[in-house]
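Enquirer: Sequence and predicted model, in that order:
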Amino acid sequence: MTTVAVFVRPPEPGTVLESCVDTGAVTAAEAADLYAAMVRDVCAAVEASGGELLVNYRPVNADDPTGPVEDDESLAAVRDVVDEALSDPGSARYEVQVGTSFSARAGNTVTHLLEREEVKSAAVVRPTAALLERRHVDSAAMKLRQSEVVLAPATDGGVAYAGFTDPIDFEDAFAPPEVETVTDRACDGGLDVDFIEMVPVAESPSGFATLLSHIRARQRAGLRIPPRTSAVLDDLGLRAEAVDDSLAVGRD
């Protein structure tokens, strides 16, 4: 069983999907609703898989120079979002994020799980990878039996899922392009790397447009879509469109 850590922050307007807000794709309030929907779909997919769901929450005092501490208000806000999506809310674990960067937070979590809790494999997942399905998590778990590191590449050279059976050197390991940097660190440490299929993440305007385009295509084809994310996109009337030979987000 892989322990899968989803890195979540309270979905407050102005604190999530900032780059998409800055480009005018969505308002701050819409971004908060969309982020919450993506968190729910991703956590539901992990719960449905053979993995163990660990919700790593980002406290509101995360940027305090004395270091982040457990925060009941932030934990309650994250629980309110996640619990709605789970068939068994009590099965999810919640732990505060520790670290000044994503690389540090991911490294602290993975290293703790592998070395302190002695789990067989640990993974980190971005909550904006709304198209992540249980099959992705289970496929990665199977590959982790043969390779020490398994990645799901994302848009913009990013990583949607990163699974490990052995720690790597995590210092700046998720520096762009993330998929190359993590792979380099693993190979430098003598570890084998494998991949599952690409999963878009809405971490940037282009990633958001790609995710939206994939969801609309899957809707048209009658294939599985992330239900909560799709419902918000439908309510907002968002669609992907070509602008100056690149993909952008528009409205109906």
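Expert: That came in fine, so what should we check first?
Enquirer: can you pull out the strands in the stretch 1-150 of the chain?
Expert: 2-8, 52-57, 93-96, 121-125, 149-153 (DSSP state E, counting those that start in this stretch).
Enquirer: what angle do the second one and strand 121-125 make?
Expert: Counting by axes from the mean of the first three to the mean of the last three Cα atoms, to 10 degrees, strand 52-57 points 50 degrees away from the direction of strand 121-125.
Enquirer: between the strands of the stretch 1-150 of the chain, which gets nearest to Tyr35?
Expert: Nearest to Tyr35, of all the strands of the stretch 1-150 of the chain, is strand 2-8, at 9.0 Å by Cβ to Cβ. No exception for glycine: its C-beta is placed from N, CA and C like everyone else's.
Enquirer: Can you pull out the residues in contact with that closest one?
Expert: When contacts are defined by Cβ atoms under 8 Å, 6 or more residues apart in numbering, strand 2-8 is touched by residues 39, 42-43, 46, 49-58, 78, 81-82, 95, 97, 102, 105-106, 109-110, 113, 117, 119-127, 137, 140-141, 144, 163.
Enquirer: One more: stretch 241-252?
Expert: Outside stretch 241-252, the residues that reach it (Cβ under 8 Å, 6+ apart) are 20, 23, 25-26, 205-206, 208-210, 212-213, 236-240.
Enquirer: do you know how far Glu171 is from Met198?
Expert: 26 Å (Cβ to Cβ, to the nearest Å).
Enquirer: Between these two, tell me which one has more neighbours.
Expert: Legend: neighbour count by other Cβ atoms under 10 Å for Glu171 and Met198, higher for Met198 (17 against 11).
Enquirer: Spell out which helix or strand contains the more buried one, please.
Expert: For Met198, there is no host helix or strand (DSSP states H and E).
Enquirer: which residues in this protein form helices?
Expert: Assigned by DSSP state H, the chain shows helices spanning 18-22, 28-48, 72-83, 102-111, 134-143, 178-188, 205-221, 227-236.
Enquirer: Out of the ones you listed, which one sits most buried?
Expert: When you average the neighbours per residue for each of the helices of the chain (mean count of other Cβ atoms under 10 Å), helix 28-48 leads with a mean of 23.
Enquirer: ok, so what distance separates the residue lying closest to Ala141 once chain neighbours are set aside from Ala32?
Expert: In space, and not counting its chain neighbours, Ala141 is closest to Thr2: 4.7 Å by Cβ to Cβ, 6 or more residues apart in numbering. Taking Cβ to Cβ as the measure, Thr2 falls 29 Å from Ala32.
Enquirer: same thing with Gly157?
Expert: Taken as Cβ to Cβ, the span from Gly157 to Ala32 is 26 Å.
Enquirer: what do you get for Ser101?
Expert: From Ser101 to Ala32 the distance is 23 Å (Cβ to Cβ).
Enquirer: quick one on the thing from earlier: dump the strands of the stretch 1-150 of the chain into JSON lines; add mean neighbour count as well.
Expert: Output for the strands of the stretch 1-150 of the chain, formatted as JSON lines (neighbours: other Cβ atoms under 10 Å):
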{"stretch": "strand 2-8", "mean neighbour count": "25"}
{"stretch": "strand 52-57", "mean neighbour count": "23"}
{"stretch": "strand 93-96", "mean neighbour count": "14"}
{"stretch": "strand 121-125", "mean neighbour count": "27"}
{"stretch": "strand 149-153", "mean neighbour count": "25"}
